[in-house]
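Participant: How does the following fold in three dimensions:
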Amino acid sequence: MRFPRCAGVLLHPTSLPGRYGIGELGYTAQRFADFLADSGQALWQILPLGPTGYGDSPYASFSAFAGNPLLLNLDWLTSDGDIEGAELRSAPPFPEDHVDFGWAIGWRNELFPRAARRFREEATGDRRADFDRFCAENAAWLDDYALFRALKDAHGGAVWNTWEPALAARKPEALANARRRLDDAVFLHQYLQYQFFRQWDDLKRHANAEGIRIVGDIPIFVAFDSADVWAHPKMFHIGPDLKPTKVAGVPPDYFSKTGQLWGNPLYRWEAMKADGYAWWVARLRQTLKTVDIVRLDHFRGFAAYWEVPAGEETAINGKWVKGPGAKLFKALEAALGELPIVAEDLGLITPDVHALRKRFGFPGMKVLQFAFTSDATHPYLPHNYEPNCIVYTGTHDNDTTLGWYHTRGFEEKARLHKYLGPLSEPVNWALIRLAYQSVADVAIVPLQDLLSLAGDARMNTPGKFGNNWAWRCREHLLGRDLRGGLRDFALTYGRKQLPKPEEPEPELPRGYPNTAS
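Facilitator: Next up, the predicted model:
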């Protein structure tokens, strides 16, 4: 699918401002959508929205279908009566510039069971009917997910294949007994998902009304410790002992002599083909309820993926295995129509990957931070672009552009400056300008680059454990000058959206912070 010439900003909701330790849906999220619209932007790109586990990575979720309750707007729940105002007024003094995940999660884990209990005891009429409708409509994934989380909580967070054998193997009688025994905990996770999608739908409607489309993200693989693998082990390379037999990674290359061993269980693609890739159809359908466009992470894995025997300490002893290719995307098109997909095709890409992407018209990705490592033939240099692509200064896995620039060697900097010519602006804005003026249909810039932030504002460092995913923006940084400058860039390079008519200041939306006071 081709996208109109436009621009957008990359910012995960956890990085939004807010009082309670982590970015939330509701008022500040709507304010950010307003900022994008006022700045002439058309797209808001986010990372995966699933509930995060060990390491707090949105790419290692407990479910490919569920939402992350950490993003719930607590003032909204207070206005509903599920949380008492006094509980929020006694909130700890959370840091404003980063997420302390342990602190934020611990505090919410005290609030959420009380909120769910109040809802269960007091919700009547339309509220309870709406909840029941949500649970019925999403039962295909919600029933397994809620029980999985309840069991995981009951086992102190242990991985599912270490539970009692009957539960790990999903024996019907054991599952039925667990549902009865853990009824309150199952209800808690149903309630949190109900509230997440209620709040997210409200945000998406607001953003779409402002002319902003949301670009979501689907990791190609799922975490082993997830409701997806527990509920559907036959779809994955899982042995009789309920351990993975083959896992994902990437081969050795210039950056790593031993490759990267990700450890995600690999799909049994032939088993998925037998039912028309029903799980993938359901996964993409669910994602397209929450976002408008989907970035498919590690797109090359659909053409061929690196298979490593489980138990290996590195990815060296893997091999390339052919992926589902066009068969999968034909099934998705047949079920869902034209696919609004962006292919993450970074790294060493072979002709079969390019052919698969072009066959379905998916735009690929170009990253300017990677463009100056060789000569003028580098595919990420703008003069080599085809229009059907998305150009980034950097992604969530890159350093900020200023942080990147200050760690470059002499030769790479020399190529960069020769390409850009004399600079009259900071290097991050020079690369933003380069992205905007390119022929790429879409230009997307991480908010950190728009704010001219150094490397300590980086979102993620691949291969590094700890201190990732934590950066947060303070609201005062999204000021009039930034809006005006970004809008001028969008207008100058033909990426600005049509202006909205002037409207009176609206009433404060749900989730405005003062509702708890």
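Participant: Could you double-check that residue 372 lies in contact with residue 382?
Facilitator: No - with contact defined as CB atoms under 8 Å, residue 372 does not reach residue 382; the gap is 11.5 Å. To be clear about C-beta, it is placed using only N, CA and C from the backbone, and glycine gets the same treatment.
Participant: More neighbours: the two, which one.
Facilitator: residue 372 (21 against 16; other CB atoms under 10 Å).
Participant: and residue 271, what element?
Facilitator: Using DSSP states H and E, residue 271 maps to helix 269-274.
Participant: nope, residue 9 is what I was after
Facilitator: Counting by DSSP H and E, residue 9 is found in strand 6-10.
Participant: Give the partner strands of that strand in its sheet and their orientations.
Facilitator: Paired neighbours of strand 6-10 in the sheet (DSSP bridges): strand 43-45 (parallel), strand 442-446 (parallel).
Participant: From residue 53, how far out is the residue lying closest to residue 282 once chain neighbours are set aside?
Facilitator: Spatial nearest neighbour of residue 282, excluding adjacent residues (CB to CB, 6 or more residues apart in numbering): residue 140 at 6.8 Å. Using CB to CB, to the nearest Å, one gets 22 Å for the distance from residue 140 to residue 53.
Participant: go on, residue 89?
Facilitator: 30 Å.
Participant: So which of these two has more stuff around it?
Facilitator: residue 53 (16 against 10).
Participant: Contacts only, for the closest residue to the more buried one other than its chain neighbours.
Facilitator: Excluding its sequence neighbours, the residue lying closest to residue 53 (CB to CB, 6+ apart) is residue 62, at 5.5 Å. Listed by CB atoms under 8 Å, 6 or more residues apart in numbering, the contact set of residue 62 reads 50-53, 145, 148-149, 152, 223, 225-227.
Participant: Report the lowest-confidence entry in the residues you listed.
Facilitator: pLDDT is lowest at residue 53 among those; the value there is 88.
Participant: from the contacts of residue 62, which is closest to residue 343?
Facilitator: residue 50 (20.5 Å; CB to CB).
Participant: That closest one contacts residue 63, doesn't it?
Facilitator: Yes - look at residue 50 against residue 63 with CB under 8 Å: they come within range, at 5.6 Å.
Participant: Summarise which helices and strands the longest helix along the chain is packed against.
Facilitator: Determined from DSSP state H, the single longest helix within the chain is helix 183-209. Contacts defined by 3 or more CB pairs under 8 Å, 6 or more residues apart in numbering; DSSP states H and E place helix 183-209 against helix 27-38, helix 74-80, helix 101-122, helix 125-137, helix 139-154, strand 213-218, helix 278-290.
Participant: okay, and for this protein, where does confidence drop off?
Facilitator: 254-255, 497-517 (pLDDT under 70).
Participant: okay, which residue of it is out on the far edge from center?
Facilitator: residue 422 (37.0 Å; CA atoms, centre = their mean).
Participant: Tell me which of the helices and strands packed on helix 183-209 approaches residue 265 most closely.
Facilitator: helix 278-290 (13.4 Å).
Participant: and after the closest one, which helix or strand comes next?
Facilitator: Next element after helix 278-290 (DSSP H and E): strand 293-296.
Participant: Packing partners of whichever helix or strand comes after that next one?
Facilitator: Moving toward the C-terminus from strand 293-296, the next helix or strand (DSSP H and E) is helix 300-303. Under the contact criterion of 3+ CB pairs under 8 Å, 6+ apart, helix 300-303 touches helix 351-359.
Participant: what are the pairing partners of the following helix or strand past the helix it packs on, and which direction each?
Facilitator: Next helix or strand after helix 351-359 toward the C-terminus (DSSP H and E): strand 364-367. Here strand 364-367 is paired, per DSSP bridges, with strand 389-392 (parallel).
Participant: What is the end-to-end distance of stretch 336-349?
Facilitator: 27 Å (CA to CA, to the nearest Å).
Participant: same deal with stretch 119-130?
Facilitator: 12 Å.
Participant: when you give positions from now on, start the count at 59
Facilitator: Right, with 59 as the first residue, what we last looked at is stretch 177-188.
Participant: Any idea how far that stretch is from the middle of the chain?
Facilitator: Per CA atoms, centre = their mean, to the nearest Å, the displacement of stretch 177-188 from the mean C-alpha position of its chain is 31 Å.
Participant: Pull the residues that contact it.
Facilitator: 138-140, 189, 245, 249, 252, 256.
Participant: what's the angle between the strand holding residue 67 and strand 271-276?
Facilitator: Going by axes from the mean of the first three to the mean of the last three CA atoms, to 10 degrees, strand 64-68 is angled at 50 degrees with respect to strand 271-276.
Participant: Could you export strand 64-68 as CSV, CA atoms only?
Facilitator: Below are the C-alpha coordinates for strand 64-68, written out as CSV (Å, rounded to 0.1, in the frame of the first residue of the first chain):
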residue,chain,number,x,y,z
CYS,A,64,3.5,13.1,4.8
ALA,A,65,5.4,13.1,8.0
GLY,A,66,5.2,11.8,11.6
VAL,A,67,6.8,11.4,15.0
LEU,A,68,8.0,8.2,16.8
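Participant: Could you check the angle it makes with helix 85-96?
Facilitator: 150 degrees.
Participant: neighbour-wise, which of the contacts of stretch 177-188 leads?
Facilitator: residue 249 (25 neighbours).
Participant: Pretty sure it sits against residue 189.
Facilitator: Yes - the criterion here is CB under 8 Å, and residue 249 meets it with residue 189 at 7.3 Å.
Participant: Mind telling me what element residue 321 is part of?
Facilitator: Under the criterion of DSSP H and E, residue 321 resides in strand 318-323.
Participant: How far off centre is that strand?
Facilitator: Once both centres are worked out by CA atoms, centre = their mean, strand 318-323 turns out to sit 19 Å from its chain's centre.
Participant: for that strand, packing partners?
Facilitator: strand 304-308.
Participant: any idea how far the strand it packs on is from the chain center?
Facilitator: 21 Å.
Participant: circling back to that earlier point, for the helix holding residue 329, buried residues please.
Facilitator: Residues of helix 327-332 classed as buried: 327, 330 (neighbour count, 16 or more other CB atoms under 10 Å).
Participant: hmm, who's touching that helix?
Facilitator: Against helix 327-332 from outside (CB under 8 Å, 6+ apart): 292-293, 336-338, 381-382, 385-386.
Participant: what ranges do the helices span in the stretch 409-558 of the chain?
Facilitator: Taking DSSP state H, counting those that start in this stretch as the test, the helices found in the stretch 409-558 of the chain are 409-417, 459-463, 468-478, 485-495, 505-508, 538-550.
Participant: Quick one: list the elements packing against the fourth one.
Facilitator: Pointing back at helix 485-495 there. helix 459-463, helix 468-478, strand 500-504, helix 505-508, helix 538-550.
Participant: Of these, which is nearest residue 424?
Facilitator: strand 500-504 (9.7 Å).
Participant: what's in contact with that closest one?
Facilitator: Here strand 500-504 has contacts from 61, 63-69, 101, 103, 273, 421, 447-454, 456, 458, 490, 493-494, 517, 553, using CB under 8 Å, 6+ apart.
Participant: Could I have the CA atoms of that strand written out in PDB?
Facilitator: Listed in PDB are the C-alpha atoms of strand 500-504, where the atom choice follows Å, rounded to 0.1, in the frame of the first residue of the first chain:
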ATOM      1  CA  VAL A 500       6.900   9.200   4.500                       C
ATOM      2  CA  ALA A 501       9.400  10.800   6.900                       C
ATOM      3  CA  ILE A 502       9.300   9.900  10.600                       C
ATOM      4  CA  VAL A 503      11.500  11.300  13.300                       C
ATOM      5  CA  PRO A 504      11.900  10.200  17.000                       C
END
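Participant: Next, count neighbours for the nearest residue to residue 393 once chain neighbours are set aside.
Facilitator: Of all residues not flanking residue 393 in the chain, residue 339 sits nearest, at 4.5 Å (CB to CB, 6+ apart). Per other CB under 10 Å, the neighbour tally for residue 339 reads 18.
Participant: All set now, cheers.
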